[in-house]
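Visitor: generate coordinates for the sequence data below:
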Amino acid sequence: MTRDITIDARWDGEAAVWIATSEAVPGLVVEADTWPSMIDEVRLVLPDLLELSGHSGEKLSLTFKAEEHLDLAGA
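Guide: Residues are numbered from 1 along each chain as shown. Have a look, this model is predicted:
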């Protein structure tokens with residue numbers, strides 16, 4: 001059986017990093033300066049976090065959702 005996990009990623013312009021979290025994985029907070037690096041970091045720490053929560057060994061399907069907030073001056 002496959003476990004679907006949604007990873008919420010947002011760009012922090014002040015820190016110039018992507019931040020990844022997930023409601024499905026308590027403790028998942030990853031920062032990286034590029035999108036591919038952020039995905040690599042998530043793949044690196046996710047198995048350990050799942051093992052700590054008693055969900056190790058499951059086949060995973062990850063969906064990454066990106067968000068970026070911009071403030072624009074009025075026209």
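Visitor: by contact count, what packs against the longest strand along the chain?
Guide: Secondary structure of the chain per DSSP state E: the longest strand is strand 2-12. Contact here means 3 or more C-beta pairs under 8 Å, 6 or more residues apart in numbering; DSSP states H and E; on that basis strand 2-12 packs against strand 17-21, helix 35-52, strand 59-67. Where you see a C-beta, it was placed from the backbone N, CA and C, and this is true even at glycine.
Visitor: now tabulate these in TSV and tack on mean pLDDT and mean neighbour count.
Guide: Below are these laid out as TSV (pLDDT from 0 to 100; neighbours: other C-beta atoms under 10 Å):
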stretch	mean pLDDT	mean neighbour count
strand 17-21	97	20
helix 35-52	94	15
strand 59-67	91	12
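Visitor: in CSV: these, plus distance to residue 2.
Guide: Formatted as CSV, the helices and strands packed on strand 2-12 follow (distance: least, C-beta to C-beta, whole Å):
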stretch, distance to residue 2
strand 17-21, 20
helix 35-52, 13
strand 59-67, 5
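Visitor: and those: which comes nearest residue 1?
Guide: Taking C-beta to C-beta, strand 59-67 is the member of the helices and strands packed on strand 2-12 nearest to residue 1, at 7.1 Å.
Visitor: other residues contacting that closest one?
Guide: 1-11, 20, 35, 39, 42-43, 46, 50 (C-beta atoms under 8 Å, 6 or more residues apart in numbering).
Visitor: residue contacts, the most centrally placed residue in the chain?
Guide: With distances taken as C-alpha atoms, centre = their mean, the residue of the chain nearest its centroid is residue 20 (2.9 Å). Neighbour list for residue 20: 7, 8, 9, 28, 29, 30, 31, 32, 38, 41, 42, 64 [criterion: C-beta under 8 Å, 6+ apart].
Visitor: great, nothing more from me.
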